[in-house]
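Participant: fold the stuff below for me.
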Amino acid sequence: MNLVMFFGKKNNQRYNFMNSNLLKVFQKKIHSFFKPNRINHDLISEPALDTIKILKKNNYDAFIVGGAIRDILMGYKPKDFDIATNATPEQVRSAFKRSRIIGRRFKIVHVIYGREIIEVSTFRSKPRKKIEMSNGVLKDNEYGSIEEDAERRDFTINALYYDVEDKKIIDFFGGLNDIQDNQLRLIGDPKLRYKEDPIRILRAIRFSAKLKMEIHSKTLNEINNSMEFLKSVPYSRLFDEVMKFFLTGHAEESMMKFKKYNLVNIYFPSLKNNNKIFKNFLLQSLKNTDLRIKNGKSINPGFLLAVFLWRDVIELFEKYDKNFPHSSLALNKAIDNTIYKQSKIFPIQRRFSITMSEIWRLQPRFNSKSSKKIYRLLNHPRFRASYDFLLLRCQSLEISKSIGLWWTKFIESDKKNQDLLIANKKIEDIKI
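Facilitator: This next block holds a predicted model:
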């Protein structure tokens, strides 16, 4: 099949597929370049199919790319869909009334279908000139061919393009073979790719946890040598990538990898604590997080961070409690010092640190016997998160299970029975 015939000639943005580089790739990968239909279209969302249809109707090429194709081939249901096209962001924007251009480093288009958003990106090439933005991130807005776009992607398994109409998988770098071999492999020289974007170090570790894949030897060997590069990553981007380890449905497995590759030493030293109760507390929280995500429920990063740093709060509280006239003052100082200490290692965004502080500060109030204080706590905006945190403490046997059982019964009761429960409530000898 002629490649130009396969992809078609589209307006003034045709691809020069007959260049020597592509011919070399084609000759090398001829056994895997075009694959028979292995994609279950029932797993592709209607908005994704509709987006491709409209782009092609406007004479642009469009392919489903990356994680969605990888997940379908590996037996997972994709959570979202990315489309790669030769249309510029402005051309995509003009083709869809409900869309918006986002991004500074690299412009992409969000096509909006109710609650579902389809992310459409233009084929990009390697930047020919370095343009640094105010936050230190390099701009990356140079467009190119599908081959150049594939070369810019990180892992072979994420460089798979799917033509919906012809039901063909386009595989430039052996991603299909790597899926079959269950291995995660960077495209290109790992040392150069990690230096080019150090976030790939974290992505390699996270994908190995998420997809239960072995990291290819060359990709793995350079991880330890390249850890220093992570210091150059802007904090906001680093924070988002670190939190993805625990907020995308594979928190328990991710924590094992996080410790294996010594990421706890870099970002959350408190997680090295070997206290048996804390280890149970942490493990249960990770299991609960994965379960919530599986059931389609949201997770507040502040809650999980409150779990990660809780042992530090307890230890500082026990230290300060001897020297303060009231336990609440000792707890406040322990909280403030824990957050300050963490900020010197891996800062936490203020909106999440506020959530953490409120969860921690509400813990002693669960032991109150005052009717007024109990109902005030029940109506607190952070009550539910604090209650869930309390249940974790009970499950790990940090505190008596009777406290959690009482509050669960109280929540489920009507006003009359709630008043009876308060009247008969026993106070546990627990300060936090």
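
Participant: does residue 50 touch residue 113 like I think?
Facilitator: Yes: using Cβ atoms under 8 Å, residue 50 is in contact with residue 113, at 7.4 Å. Backbone N, C-alpha and C define where each C-beta goes, glycine included.

Participant: can you read off the pLDDT for the nearest residue to residue 153 once chain neighbours are set aside?
Facilitator: Closest residue to residue 153 apart from its sequence neighbours, by Cβ to Cβ, 6 or more residues apart in numbering: residue 159 at 4.2 Å. As predicted, residue 159 sits at a pLDDT of 97.

Participant: ok, the residue lying closest to residue 65 once chain neighbours are set aside to residue 161 distance?
Facilitator: Excluding the flanking residues, the one nearest residue 65 by Cβ to Cβ, 6+ apart is residue 84, at 4.2 Å. Per Cβ to Cβ, to the nearest Å, residue 84 is found 6 Å from residue 161.

Participant: repeat for residue 183
Facilitator: As judged by Cβ to Cβ, residue 183 and residue 161 stand 20 Å apart.

Participant: more neighbours: these two, which one.
Facilitator: residue 161 (23 against 19; other Cβ atoms under 10 Å).

Participant: this structure: strands as residue ranges?
Facilitator: 34-35, 62-65, 82-85, 99-102, 108-113, 116-122, 160-163, 168-171, 183-184, 214-215 (DSSP state E).

Participant: tell me which of the ones you listed is the most buried.
Facilitator: Most buried of those by mean neighbour count (mean count of other Cβ atoms under 10 Å) is strand 62-65; its value is a mean of 26.

Participant: what mean pLDDT does that one get?
Facilitator: Strand 62-65 carries an average pLDDT of 98.

Participant: begin at 33 from here
Facilitator: Got it, first residue is 33 now, which makes that one strand 94-97.

Participant: hmm, back to that, OK, contacts around the residue nearest to residue 97?
Facilitator: Counting by Cβ atoms under 8 Å, 6 or more residues apart in numbering, residue 116 touches 94-95, 97-98, 152-155, 178, 181, 193.

Participant: centroid-nearest residue for the protein?
Facilitator: The residue lying closest to the centre of the chain (Cα atoms, centre = their mean) is residue 276, at 2.4 Å.

Participant: excluding chain neighbours, what is closest to that residue?
Facilitator: residue 238 (6.1 Å).

Participant: how close does that neighbour sit to residue 193?
Facilitator: 23 Å.

Participant: tell me how this protein divides into domains.
Facilitator: 35-213, 300-455 (automatic domain parsing).

Participant: tally of neighbours for the closest residue to residue 197 other than its chain neighbours?
Facilitator: Nearest residue to residue 197 in three dimensions, chain neighbours excluded: residue 88, at 7.2 Å (Cβ to Cβ, 6+ apart). By other Cβ under 10 Å, the residues close to residue 88 number 17.

Participant: state the distance from residue 88 to residue 344.
Facilitator: Computed as Cβ to Cβ, the residue 88 to residue 344 distance reads 55 Å.

Participant: likewise for residue 336?
Facilitator: Taking Cβ to Cβ, one finds residue 336 at 15 Å from residue 344.

Participant: so how many other residues sit close to the residue nearest to residue 185?
Facilitator: 24.

Participant: ok, residue 417 - contacts?
Facilitator: 332, 334-335, 387, 390-391.

Participant: just to check, residue 315 is in contact with residue 288?
Facilitator: No: Residue 315 sits out of contact with residue 288 when judged by Cβ under 8 Å, with a separation of 10.4 Å.

Participant: what stretches of this structure score poorly on pLDDT?
Facilitator: 33-69, 161-173 (pLDDT under 70).

Participant: could you point out the longest helix of it?
Facilitator: helix 308-326 (DSSP state H).

Participant: buried ones in it?
Facilitator: Under the neighbour-count criterion of 16 or more other Cβ atoms under 10 Å, helix 308-326 has 310, 313-314, 316-318, 320-322, 324-325 buried.

Participant: among these, which one lies nearest to residue 75?
Facilitator: Minimum distance to residue 75 across the buried residues of helix 308-326 is 18.7 Å, recorded for residue 325 (Cβ to Cβ).

Participant: residue contacts, that closest one?
Facilitator: So residue 325 contacts 279-281, 331 (Cβ under 8 Å, 6+ apart).

Participant: I'd like the distance between it and residue 131.
Facilitator: In terms of Cβ to Cβ, residue 325 sits 28 Å off from residue 131.

Participant: next: residue 248.
Facilitator: 37 Å.

Participant: all the helices of the stretch 333-464 of the chain, in order from the start?
Facilitator: Ranges of helices in the stretch 333-464 of the chain, per DSSP state H, counting those that start in this stretch, are 333-340, 342-352, 359-375, 382-394, 403-410, 415-427, 433-444, 447-455.
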